[in-house]
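Peer 1: One predicted model, sequence on top.
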Amino acid sequence: MRRSITLMAACLGLIGPAAQAERVGFLETVHKHQTLASTTPDNGDLNPYAVVVAPVSAGKVAANDVLVSNFNNISNLQGTGTTIVDFNPATKKTTLFAQIPQNLAQCPGGVGLTTAMSMLKSGWVIVGSFPSKDGTTTTRGEGCLLVLDATGKLVATWAGPMISGPWGNMAVVDKGDRATLFVSMAGFDVPGPRVLDPATHYPVVLHKATILRLEVTIPDGKPPLLTSQTVVANGLSQRADLDNFVFGPTGLALGEDDTLYATNGLENTLIAIDHASARTDSGGIGRVVTHDGLLAWPLAMAWTPEKHLLVTNGKNGQVVEVDPATGKQIYAQWIDNDQAQSPPGNGDLFGLAMIPDGSGFYYVEDDMNTLVRATR
């Protein structure tokens, strides 16, 4: 049974029946969770990561379709998934949108599709690759960003010294003929997961992860062109992990005031980078908006209609609602309470996207390889 938890009444300031009846956010109104489809295509790819709602109808994709990338292959090796599936909410059918060659010479190390994915209004799909040969960072490649047309055909590859392990879900400003993309990079110099810090006996933590801003132009009828790259945050924590491949900044969400919010999972924080679209230098590690509390390795993020942020946890099966204006953690809900993991749902959640009408959100359950819809 799905269940919800809140912060202690004292923390929320909700004491007594009248106060309990007062709505404080979005998440507490969400009560229905429906499994929609398997995210595993015919080739057996596993471990769904990115969740993106199509903004337009183009090629094989209808507006409001849900695109999901897979990070693992049929052998469940991380960094080896090559497929994107397309779920149509109207027909309830799932089809294969794209299957990219595993050993792609233009992408350093090959292909392992991450949660760094977006579909532009012009129909182009951009997705990150953080590849591996053996399912760990021991054999990782630097990876790349892949550009696909609306039929799923690969048309361009972006790689270079500023791109290493494109990891987190993208924040996008889409103007039609041009776009700004924000992507976290979690691969710089990350060793294998058995390289341990002698003090902690955990994989060594590096402070080399970045958030990269990419400026893109979209010529009429031609693939997008990458015109500039700017590091807007750096010095963020990253490390290898046997079970989770890598930890690094994951969730990205851009506010209307041009503040970029990011989850810095290893530090258990939600941070902010000011003037993200305009700045010409790095904001470093940003400023802390909130930390600890209900957060437990915060991962993907999405905006609610109330301008709050929903954040999935990697260390348990909860999603957390945060007011970024105040840093207040409003509410948490168990959306995956699989008792096979400890804590329940540990490692099961990743991608997250709002339903366009604001009635709920989509998420994936890695333990079941399924797409789920949560609604009021």
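Peer 2: Structure received.

Peer 1: Thr35 and Ala374 touch, don't they?
Peer 2: No: if you go by Cβ atoms under 8 Å, Thr35 and Ala374 don't touch, sitting 10.7 Å apart. Where C-beta positions appear, they are placed from N, C-alpha and C, glycine not excepted.

Peer 1: out of these two, which sits in the more crowded spot?
Peer 2: Ranked by neighbour count (other Cβ atoms under 10 Å), Thr35 and Ala374 place Ala374 first, with 22 against 11.

Peer 1: so who does that one touch?
Peer 2: Val30, Lys32, His33, Gln34, Ile335, Gly360, Phe361, Tyr362, Tyr363 (Cβ atoms under 8 Å, 6 or more residues apart in numbering).

Peer 1: check contacts around the third one.
Peer 2: This points to His33. Arg2, Ile335, Val372, Arg373, Ala374.

Peer 1: surely Ala58 meets Leu148?
Peer 2: No: contact criterion Cβ under 8 Å: Ala58 and Leu148 do not qualify, at 11.1 Å.

Peer 1: Comparing the two, which residue is more hemmed in?
Peer 2: Neighbour comparison, Ala58 and Leu148: the larger count goes to Leu148, with 23 against 19 (by other Cβ under 10 Å).

Peer 1: what residue ranges in this structure score low on pLDDT?
Peer 2: The chain contains residues with pLDDT under 70 at 1-23.

Peer 1: go with 80
Peer 2: Along the chain, segments meeting pLDDT under 80 span 1-24.

Peer 1: quick one, what contacts the closest residue to Ala233 other than its chain neighbours?
Peer 2: Take Ala233 and drop its neighbours on the chain: the residue closest to it by Cβ to Cβ, 6 or more residues apart in numbering is Ile211, 4.0 Å away. Ile211 makes contact with 168, 182-185, 231-234, 236, 249, 252, 260, 262, 273, according to Cβ under 8 Å, 6+ apart.

Peer 1: again, but for Leu104
Peer 2: By Cβ under 8 Å, 6+ apart, the contact set of Leu104 is Gly110, Val111, Ser129, Leu146, Leu154, Thr157.

Peer 1: Next SSE downstream of the longest strand along the chain?
Peer 2: As assigned by DSSP state E, the longest strand anywhere in the chain is strand 225-241. Later in the chain than strand 225-241, the nearest helix or strand by DSSP states H and E is strand 245-247.

Peer 1: Name the residues that touch that next one?
Peer 2: For strand 245-247, contacts defined as Cβ under 8 Å, 6+ apart pick out 71, 78-79, 130, 132, 135-137, 165, 167, 186-187, 190, 237-241, 265-266, 297, 314.

Peer 1: if we can go back for a sec, so how do I select the buried members of the contacts of Ala374 in ChimeraX?
Peer 2: In ChimeraX syntax, the buried subset of those is picked out as below (16 or more other Cβ atoms under 10 Å):
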select :30,33,335,360,361,362,363
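
Peer 1: Give the other helices and strands that the longest strand of the chain contacts.
Peer 2: strand 206-217, strand 245-247, strand 260-264, strand 269-273 (3 or more Cβ pairs under 8 Å, 6 or more residues apart in numbering; DSSP states H and E).

Peer 1: give me that answer again for 10 Å
Peer 2: strand 144-148, strand 154-158, strand 178-185, strand 206-217, strand 245-247, strand 260-264, strand 269-273 (3 or more Cβ pairs under 10 Å, 6 or more residues apart in numbering; DSSP states H and E).

Peer 1: between these, which one is nearest to Trp303?
Peer 2: strand 260-264 (9.3 Å; Cβ to Cβ).

Peer 1: so what strands line up beside the closest one?
Peer 2: strand 252-254 (antiparallel), strand 269-273 (antiparallel) (DSSP bridges).

Peer 1: and which of the contacts of Ile211 is nearest Thr304?
Peer 2: Distances from Thr304 to those, taken by Cβ to Cβ, are shortest for Leu252, at 15.8 Å.

Peer 1: what residues are up against that closest one?
Peer 2: Going by Cβ atoms under 10 Å, 6 or more residues apart in numbering, Leu252 touches 115-116, 167-172, 181-184, 211, 233, 260-263, 273, 276, 300-301.
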